[in-house]
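Student: requesting a structural model of the entry that follows:
(chains A and B)
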Amino acid sequence: MTSTAQETHEPTITRSDEEVVLDSGEREFMFDVRTQDMEVNFGPQHPATHGVMRILMRADGEVCTGAQPHLGYLHRCAEKIGENVEWLQYLPYTDRYDYLAAMNNNLGYSMAVEKLMGVEIPRRALMIRTICAELNRIGSHLIAFGTYGLDLGAFTPFLYMFREREWMMALFEKICGARLTYSYIRIGGVFNDAPPGWLSEVERFCDTFEEKWKEYCDLLMVNHIFVKRTADVGVIPVDMALDFGLTGPMLRGSGVDFDLRKDMPYELYDEIWKDKAFEIPVGTGEKGTLGDCWDRVYVRVMEMMESIKIVRWCLAAIEPGPVIADIPKTLRVPPGEAYVGIENPRGELGHYVVSDGGKVGVRVRVRGPSFVNLAVLEAILPGALIADAIAIIGSTDIVVGETDR
Amino acid sequence: MLTPIEVVEVAAASPASAQGGTNMLNELLAKAPRPEFVPDWVVPLNAILIGVGILVAIVSLNAMFGTWLERKVSGHIQCRYGPMRVGWHGWLQPLVDGVKLLLKEDMIPKGADRVLYVIAPALVLSSVLAAMTAFPLSREFFFADIDLGLFFILAMTSTTTIGVVMAGWASNSKWSLYGAMREAAQVVAYEIPLGISLLVPVMAAGTFNLIEVSDMQSGGFGVLNWLIWPWVNPLMLPAFLIFFVAILAETKRAPFDLPEAESELVAGFLTEYSGIRWSFFFMEEYAAMLLFCVVGSFFFFGGFESPLTSAAGGMFGDGSVLHQLAAFTTIVVKGFAGIFLMMWLRWTLPRVRIDQIMTMGYKYLTPLALLCVLLAGIWEVFLAPYLPWR
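Tutor: Sure thing, here's the model as predicted:
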């Protein structure tokens, strides 16, 4: 073994630890002692990939020197199905991209079709949509934050977060009967009105959540080991974030104040923003460098609180009324094309729909935030330790169902 | 044919109890009635066999109770119950788990080094079993009363590293190899502060022998003479903290569970193991936890000494069966208190990174431990002789 290693890879001792760019464009890192490089297959079945994603990693001892994400293990032809089923029948498929934020996916698709149809959505429906989307954002961020702790070896916060998420799912179960794949937000409004007492329970959830949220911050965000593991790790500078087209907390973690709810407001967000009911938290580099893993997690944690504020605004303003516009059972969407981007918990979720006037769509294209955000891994993983690589992958908060669709 | 008294003399002269005191096991066996045709040399042999049996039973029971406790502690920390189905609050769960592990298919991955792969778990478990022989169950009930007991325990437990590295290498898996390399780096780094921090109580006690250390902490209602108290030696508390951090790393417990870091290395050196071989590593882990916690209780927290032991000693006489039982209970309770603390930490803290753990071991803990030893030496030589309570 030793002799082969010496033949193939002469162990050299270098004096620099700076980055060397090879002719092929690959970046190489030189360390004091070079060892034989090892190709590690990170996934598809690995506890830290959050699904069936595979990253082919080249490692020099504990240091990752190259990484390439491989996709497609969860490809389910979602977009092709969109060209073969009726407009309304496609709605349940949108649940399955980003199964942690199904309400947001429903909302994005519905809005794109509604834009083509030009229907007026009742105000109560808009309110319920906003409440559901924001509650789902909280649930999604809870998973992101909880599993991030899990990636770093802290098991317990994860289960605390599931406790609150369980309540959130129970709320959704009460309003639409499903716990994960809701298909509740429909083209033209929402499926049904909130059951009696539901809105007051949402208020109770908000009260409890605000208390528990402080607990999470104490338990993980300011934990010394947590800060040591995440600060200055996986830094994405602003220009790199913009180059890769990152959106959502990934972009805001790098200090860019960009949120579709504020910058391209849709539905009620314009009103809420003008009411100064919520803010857009951005990374500050408080514990380390701007754009490190800690900043990204910080943005998610703070966003949960902002979502609570939005939900409270809606709860205060909601009035009785119809919850779905008068639309036919079998939709015939006028010919044309429409693009609607909404702020999913992971970034911009865009739906581009094309219709020829028939019952079935011609094209349903999805711009998934996880898919776009994933690309940055290739740039920031090299040079990180294996343990840091886990922290970086966790901080991107990808949902493989959506990268592959 | 020897009389029972002569047998006791023979047993007393045997190496196991040559260091003073009588070994209760030999004594009891010698007193037990036996048929005419059984030769005399069977008595010490039986003592050895029975001793080994007790040792294996302790290690297995400890692993069973430890896994149950771990699941219960983690469950209650995480707002759930843990196992509840098998027996009262799931207390029989480890038994059925053991049966499951025994019945599992014994797999050796293709391309693995078969010999090393099979030897590794046995080596790991046997080294910790060997270390356990130095663990006295009570003042007169022990397997081996070794003068350099602490030294022997540290030496034996460090050989588990070889088994782990062997397991990681033989598995022929990259994740296992990572786990093994981390284990080697981490354990070597933390053995140094572990050994050095234990020198502080050793200096105060003047002996490596666990039973003698316990004896010199007697009196003061079984509490006041513990070595950890600052009036005995103020350097003992920092030494204990260093010791505790080091045993967390030695036993691969979170936040130092890097060799088997689940979210990073799948399961580290355990990745390819399954069934009973896998459970050997767990038995080793829990036995090592108990052993280190017991060593900690001997060298910092009074060993057998507790209000219970002194009360039992006062009421029923020193060396009586109830006194011994009280001593045994004390040491087990102290050991499991330490284990509970380790579990509590495991289910609370995130994991540190490999460079952070090495930095902490080499740059901070080792110099601090050395400083503790220096200051403790000054205290022992120049100050302690003039203290009225020493």
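Student: residue B:144 contacts residue B:132, correct?
Tutor: No. Taking C-beta atoms under 8 Å as the definition, residue B:144 is not a contact partner of residue B:132, at 9.9 Å. The way it works is simple: take the backbone N, C-alpha and C, and place the C-beta from them, glycine included.
Student: the residue nearest to residue A:272 when sequence neighbours are not counted: what's it in contact with?
Tutor: If you skip the residues right next to it in sequence, residue A:272 has residue A:313 as its closest partner in space, 5.4 Å away by C-beta to C-beta, 6 or more residues apart in numbering or on different chains. Taking C-beta atoms under 8 Å, 6 or more residues apart in numbering or on different chains as the definition of contact, the neighbours of residue A:313 are A:272, A:275, A:277, A:278.
Student: next one: residue B:386
Tutor: By C-beta under 8 Å, 6+ apart, residue B:386 lies in contact with nothing.
Student: for chain B, what are the nearby residues on the stretch 101-250 of chain A?
Tutor: Taking C-beta under 8 Å from any C-beta of the partner chain, the part of the stretch 101-250 of chain A that reaches chain B is made up of A:149-156, A:159-160, A:163, A:220, A:223, A:225-226, A:228-229.
Student: buried subset of those?
Tutor: A:149-156, A:159-160, A:220, A:223, A:225-226, A:228-229 (16 or more other C-beta atoms under 10 Å in any protein chain shown).
Student: how is chain A carved up into domains?
Tutor: Chain A is divided into the following domains under automatic domain parsing: A:1-34, A:79-404.
Student: now the strands for the stretch 51-200 of chain A?
Tutor: Under the criterion DSSP state E, counting those that start in this stretch, the stretch 51-200 of chain A contains strands at A:54-60, A:63-70, A:185-186, A:189-190.
Student: including mean neighbour count, could these go into a markdown table?
Tutor: As requested, those are arranged in a markdown table below (neighbours: other C-beta atoms under 10 Å in any protein chain shown):
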| stretch | mean neighbour count |
| --- | --- |
| strand A:54-60 | 19 |
| strand A:63-70 | 19 |
| strand A:185-186 | 25 |
| strand A:189-190 | 26 |
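Student: of these, give the one that comes closest to residue B:190.
Tutor: Go through the strands of the stretch 51-200 of chain A one by one with C-beta to C-beta and the one that ends up closest to residue B:190 is strand A:63-70, at 22.3 Å.
Student: so is the closest one next to chain B?
Tutor: No. Strand A:63-70 does not reach chain B (C-beta under 8 Å from any C-beta); its nearest approach is 10.0 Å.
Student: what about that strand, average pLDDT?
Tutor: Averaging pLDDT along strand A:63-70 yields 83.
Student: check which helices and strands it sits against.
Tutor: strand A:27-29, strand A:54-60, helix A:377-380, helix A:386-396 (3 or more C-beta pairs under 8 Å, 6 or more residues apart in numbering or on different chains; DSSP states H and E).
Student: run the last query once more with 7 Å
Tutor: In this structure, strand A:63-70 makes packing contacts with strand A:27-29, strand A:54-60, helix A:377-380, judged by 3 or more C-beta pairs under 7 Å, 6 or more residues apart in numbering or on different chains; DSSP states H and E.
Student: what number of residues lie near residue 162?
Tutor: If you meant another chain, say so; for now it's chain A. A count of neighbours around residue A:162, defined by other C-beta atoms under 10 Å in any protein chain shown, yields 18.
Student: chain B, not that one
Tutor: Residue crowding around residue B:162 was assessed by other C-beta under 10 Å; the count is 14.
Student: part of a helix, is it?
Tutor: Yes. Assignment of residue B:162 by DSSP: H, G, I helix; E, B strand; the rest coil places it within a helix.
Student: what residues does it make contact with?
Tutor: By C-beta atoms under 7 Å, 6 or more residues apart in numbering or on different chains, residue B:162 lies in contact with residue B:123.
Student: centroid-nearest residue for chain B?
Tutor: Residue closest to the mean C-alpha point of chain B, counted by C-alpha atoms, centre = their mean, is residue B:291 at 0.6 Å.
Student: was I right about that one contacting residue B:131?
Tutor: Yes. Contact status for residue B:291 versus residue B:131: in contact at 5.8 Å, counting by C-beta atoms under 7 Å.
Student: tell me the confidence at residue 173?
Tutor: Let's take chain A. As predicted, residue A:173 sits at a pLDDT of 91.
Student: the intended chain is chain B.
Tutor: According to the model's per-residue confidence, residue B:173 sits at a pLDDT of 85.
Student: how many neighbouring residues does it have?
Tutor: 21.
Student: and residue B:383, by the same measure?
Tutor: Here the count is done by other C-beta under 10 Å, and residue B:383 has 12 residues near it.
Student: residue B:335 now?
Tutor: 23.
Student: what residues does it make contact with?
Tutor: B:290, B:293, B:294, B:297.
Student: if you count neighbours, what's buried in the helix or strand that the last one is a member of?
Tutor: In other words, residue B:297. When elements are defined using DSSP states H and E, residue B:297 is found to belong to helix B:275-300. Buried positions in helix B:275-300, judged by neighbour count with 16+ other C-beta under 10 Å: B:277-300.
Student: OK, now which residue of the stretch 201-350 of chain B is nearest to chain A?
Tutor: Residue nearest to chain A within the stretch 201-350 of chain B (C-beta to the nearest C-beta): residue B:350, separated by 4.0 Å.
Student: now for the lengthiest helix in chain B, which elements pack on it?
Tutor: Among the elements of type helix in chain B, defined by DSSP state H, the one spanning the most residues is helix B:42-77. Applying 3+ C-beta pairs under 7 Å, 6+ apart, one finds that helix B:42-77 contacts helix B:4-13, helix B:24-31, helix B:93-103, helix B:114-132, helix B:275-300, helix B:321-346.
Student: now the residue in the stretch 101-250 of chain A that chain B sits nearest to. Nearest residue, chain neighbours left out?
Tutor: As assessed by C-beta to the nearest C-beta, chain B sits closest to residue A:153 within the stretch 101-250 of chain A, at 2.8 Å. Using C-beta to C-beta, 6+ apart and skipping residues adjacent in sequence, the residue nearest residue A:153 is residue B:351, 2.8 Å away.
Student: give me every residue that touches that neighbour.
Tutor: Residue B:351 sits next to A:152, A:153, B:254, B:255, B:257, B:258, B:261 when contact means C-beta under 7 Å, 6+ apart.
Student: of these, the lowest pLDDT goes to which?
Tutor: Across these, the smallest pLDDT goes to residue B:261, namely 72.
Student: hmm, residue B:268 and that one touching each other?
Tutor: Yes. Between residue B:261 and residue B:268 a contact is recorded at 6.1 Å, counting by C-beta under 7 Å.
Student: chain B contacts on the stretch 301-405 of chain A?
Tutor: Near chain B, the residues belonging to the stretch 301-405 of chain A are A:385, A:386, A:387, A:388, A:390 when assessed by C-beta under 7 Å from any C-beta of the partner chain.
Student: got the residues you listed as TSV, with pLDDT columns?
Tutor: Output for those, formatted as TSV (pLDDT from 0 to 100):
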residue	pLDDT
A:385	85
A:386	85
A:387	85
A:388	87
A:390	87
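Student: just give me the neighbour total for the closest residue in space to residue A:375 that isn't next to it in sequence.
Tutor: In space, and not counting its chain neighbours, residue A:375 is closest to residue A:244: 5.5 Å by C-beta to C-beta, 6+ apart. Residue A:244: 20 surrounding residues under other C-beta under 10 Å.
Student: now swap in the one 10 residues further on and tell me
Tutor: A count of neighbours around residue A:254, defined by other C-beta under 10 Å, yields 26.
Student: follow-up on the earlier one: now narrow the contacts of residue B:335 to whatever sits close to chain A.
Tutor: Okay, of the contacts of residue B:335, nothing touches chain A (C-beta under 7 Å from any C-beta).
Student: and those, which two are furthest apart?
Tutor: So, these by C-beta to C-beta: farthest apart are B:290 and B:297, at 10.4 Å.
Student: residue contacts, the residue nearest to the spatial centre of chain A?
Tutor: Per C-alpha atoms, centre = their mean, the C-alpha nearest to the average position across chain A is that of residue A:346, at 2.3 Å. If you count contacts by C-beta under 7 Å, 6+ apart, residue A:346 has them with A:98, A:248, A:369, A:370, A:373, A:397, A:399.
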